[in-house]
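Asker: just a sequence and a predicted model for now, questions to come.
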Amino acid sequence: MHQQKGFDIVLRNVRESANQLDCTGAGVMVMHKGNTVLEQYWGTQSKEANARLVQADTQFHIASVRKSYIGFAAAFAVQHGMISSIDEPISAYLPECTEAIYENVTIRHLLTHTHGLRSIHNEIVREFEPGTNWAYRGIGVALLTDIIKRATGKEIAAILKEYVFQPLQLQETGWYGINHDNFVQVIHSPSDPAWQTSENTDGSEMNMYVSIRDLAAWGQLHLDKGKWNGRQVVKEEIIRLATALQTPPALTADYPQNGYLWFVQKEQGILAKRMEISPDIPAGAFQLLGYTGVTILVIPQYEVVAVRAFNSFGSPPGYDYLEDVRGFGNVVMRSIRGEAAGVYTENVY
């Protein structure tokens, strides 16, 4: 447990969010200039009697935050020339995708949720022309993971293990087909169609569990442009590709903006309707939010990495997940600015 003065507002915010969700345990961690300024855990990993307490090695189901690892694998493939350009049509790597419905869909469109494809009852349909709108659809990620595997000849999990997890000694990060004692029990509605389990551990499925401290380390690696303990562990270009704006220029900042699946802040002060980053966050920041409420936020301008995690799945009635996650970013910014000014939040808010 660790908390510097001025970060009580962040802890309070995450506790309030936890109270709104159907969760038994949660945690939060904030890094500033490479130092831990807040790290707190509370509650239990499940609803069971005598359940294990949430603690530093507890691994949370990160849901869509896994896309940051898929984005890394895509950037790895591009940086190594295995994918020539993200503006190539997906049919160059998926020859079975030559039907008219896939026409003009590029890898860039998959990375930025602008592909216009949707799967309805196992049938692929087109919602809009590629690059003309934005929609968060799982089919795009599924196609992208297949492209990465075919282009590199490696599974996504293998790429991450070799180039990130092992060099950084991240022992609490991975895709799992079986349960472990330090996993949270994901609390969800049995009828929720979004909940999926899988024994496939190649990195393409939604079965990734990560501890808060490992997720913060992942964010710090990106903040430091691939450096770890002063050593260049990952090529800087991979991080730059993954976190730079890649959304087709025809889509203005009124639409959500993306890098390699990361949400990226293009301009401060503009609120896109479906953008998960608060307009108060400076340009250049990047973030991902999962359906479990797990969030990783990186703010390069202030050298900040902020992570929160819960063990719920989905949104209860009356809970606005976008408003909630934007609020998390706001209190992180308020705390950092208060610290930088030498004024603590309990005195000014």
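Answerer: Received the coordinates, thanks. Numbers count the residues shown, from 1 in each chain.
Asker: helices and strands around the biggest helix by length in the chain, which ones?
Answerer: For the chain, the helix with the greatest residue count under DSSP state H is helix 321-340. If contacts are counted by 3 or more Cβ pairs under 8 Å, 6 or more residues apart in numbering; DSSP states H and E, helix 321-340 sits against helix 8-20, strand 25-32, strand 286-289, strand 295-299, strand 304-310, helix 345-348. C-betas here are computed from N, CA, C, even on glycine.
Asker: show me the contacts for Gly43.
Answerer: Gly43 sits next to 18, 23-26, 53-54 when contact means Cβ atoms under 8 Å, 6 or more residues apart in numbering.
Asker: buried only: go through those for me.
Answerer: 18, 23-26, 54 (16 or more other Cβ atoms under 10 Å).
Asker: which of the helices and strands packed on helix 321-340 sits closest to Val78?
Answerer: strand 286-289 (17.3 Å; Cβ to Cβ).
Asker: which residues touch that closest one?
Answerer: Here strand 286-289 has contacts from 64-65, 67-68, 222, 243, 259, 261-265, 276-277, 281, 295-298, 321, 325, 329, using Cβ under 8 Å, 6+ apart.
Asker: hmm, 6 Å instead?
Answerer: 65, 68, 243, 262-264, 276-277, 295-298, 325 (Cβ atoms under 6 Å, 6 or more residues apart in numbering).
Asker: again, but for stretch 237-256
Answerer: Contacts for stretch 237-256 (Cβ under 6 Å, 6+ apart): 71-72, 75-76, 78-79, 108, 111-112, 114, 131, 134, 222, 225-226, 257-260, 262, 264, 266-267, 270, 272, 274-275, 286.
Asker: ok now it, how far from the chain's centre?
Answerer: Mean-position distance between stretch 237-256 and its chain equals 15 Å (Cα atoms, centre = their mean, to the nearest Å).
Asker: numbering from 649 from now on, please.
Answerer: Renumbered: residue one is now 649, and that last one reads stretch 885-904.
Asker: okay, how far is it across it, tip to tip?
Answerer: With Cα to Cα, to the nearest Å as the measure, the ends of stretch 885-904 fall 23 Å from one another.
Asker: and if you look at stretch 826-839?
Answerer: Start-to-end span of stretch 826-839 (Cα to Cα) is 22 Å.
Asker: can you check stretch 875-882 too?
Answerer: Note: stretch 875-882 ends 7 Å apart using Cα to Cα.
Asker: in that stretch, what's buried?
Answerer: Across stretch 875-882, burial judged by 16+ other Cβ under 10 Å covers 876, 881-882.
Asker: what's the answer for stretch 913-929, then?
Answerer: 913-914, 920, 923-929.
Asker: now what about it, what contacts it?
Answerer: For stretch 913-929, contacts defined as Cβ under 6 Å, 6+ apart pick out 893, 901-905, 911, 930-931, 933, 935, 937, 970, 973-974, 977-978, 981.
Asker: can you say which of those are buried?
Answerer: In the contacts of stretch 913-929, burial by neighbour count holds for 893, 901, 903-905, 911, 930, 933, 935, 937, 970, 973-974, 977-978, 981, counting by 16+ other Cβ under 10 Å.
Asker: just the closest of those residues to Gln814, please.
Answerer: For the buried ones among the contacts of stretch 913-929, the nearest to Gln814 is Gln935 (26.0 Å; Cβ to Cβ).
Asker: nearest residue to the closest one other than its sequence neighbours?
Answerer: With Cβ to Cβ, 6 or more residues apart in numbering as the criterion, Gln935 has its nearest non-adjacent residue at 4.5 Å, and that residue is Leu945.
Asker: how many neighbours does the one you found have?
Answerer: Neighbours of Leu945 under the rule other Cβ atoms under 10 Å: 27.
Asker: likewise Thr821?
Answerer: Residues near Thr821, counting by other Cβ under 10 Å: 22.
Asker: tell me the contacts of it?
Answerer: Thr821 neighbours (Cβ under 6 Å, 6+ apart): 813, 858, 862.
Asker: so what's the first one up against?
Answerer: If I follow you right, that is Phe813. Phe813 neighbours (Cβ under 6 Å, 6+ apart): Thr821.
Asker: distance check, it against Gly691.
Answerer: Per Cβ to Cβ, to the nearest Å, Phe813 is found 27 Å from Gly691.
Asker: and stretch 854-862, C-alpha only, in PDB?
Answerer: C-alpha atoms of stretch 854-862 as PDB (Å, rounded to 0.1, in the frame of the first residue of the first chain):
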ATOM      1  CA  MET A 854     -10.600 -12.400 -24.400                       C
ATOM      2  CA  ASN A 855      -9.000 -14.500 -21.600                       C
ATOM      3  CA  MET A 856      -6.100 -12.200 -20.500                       C
ATOM      4  CA  TYR A 857      -5.400 -11.600 -16.800                       C
ATOM      5  CA  VAL A 858      -2.900  -9.000 -15.600                       C
ATOM      6  CA  SER A 859      -2.000  -7.700 -12.200                       C
ATOM      7  CA  ILE A 860      -2.300  -3.900 -11.600                       C
ATOM      8  CA  ARG A 861       1.400  -3.600 -11.100                       C
ATOM      9  CA  ASP A 862       2.200  -5.500 -14.300                       C
END
